[in-house]
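Undergrad: need a 3D model of the sequence below.
(one chain, ligands or ions: 1)
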Amino acid sequence: MDLDIATLLMAIINWFILAAMVGGVIFLVLYLRRKSEHRCPDCHKKVPADGQVCPYCGKPLS
Ligand SMILES: [Zn+2]
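TA: Now for the predicted structure:
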């Protein structure tokens, strides 16, 4: 029975490591997305991330 508990514990630890890695990757992606500057593709000025059109030249932002 000791072996079964050890196997179960290893499985739980493995799931924790996997969850931590996935969570870390998601956090990193969100962090980098937040940090990256949004620039207008036409006039290359800094524009708000949630903007629909460039406030300087009126180019639609995708
Ligand atoms: Zn622009």
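Undergrad: and the helices in this structure?
TA: Taking DSSP state H, the helices of the chain run over residues 2-35.
Undergrad: kindly report the residues of it close to the ion.
TA: Contact residues, the chain versus the ion (CB under 5 Å from the ion): Cys40, Asp42, Cys43, Cys54, Tyr56, Cys57, Lys59. (C-beta placed from N, C-alpha, C; glycine too.)
Undergrad: just the buried ones from those, in ChimeraX syntax?
TA: With 16 or more other CB atoms under 10 Å as the criterion, this ChimeraX line picks the buried residues out of those:
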select :40,54
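Undergrad: how many other residues sit next to Ile26?
TA: Ile26 has 10 neighbours, counted by other CB atoms under 10 Å.
Undergrad: how close does it sit to Ala19?
TA: Per CB to CB, to the nearest Å, Ile26 is found 11 Å from Ala19.
Undergrad: need the residues of the chain next to the ion in TSV (columns: pLDDT and distance to Met10).
TA: Compiled in TSV, the residues of the chain next to the ion are given as follows (pLDDT from 0 to 100; distance: CB to CB, whole Å):
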residue	pLDDT	distance to Met10
Cys40	91	52
Asp42	93	55
Cys43	95	57
Cys54	94	54
Tyr56	95	57
Cys57	96	58
Lys59	94	55
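Undergrad: pairing partners for Lys46 in the sheet, please.
TA: With DSSP bridges applied, Lys46 shows beta-bridge pairing to Arg39.
Undergrad: count of neighbours near it?
TA: Neighbours around Lys46, by other CB under 10 Å: 11.
Undergrad: so it is in contact with Arg39, correct?
TA: Yes: with contact defined as CB atoms under 8 Å, Lys46 reaches Arg39; the gap is 5.9 Å.
Undergrad: joint contacts of the two?
TA: The contact sets of Lys46 and Arg39 do not overlap (CB atoms under 8 Å, 6 or more residues apart in numbering).
Undergrad: span of stretch 46-62 from start to end?
TA: Stretch 46-62 has its terminal residues 14 Å apart, counting by CA to CA, to the nearest Å.
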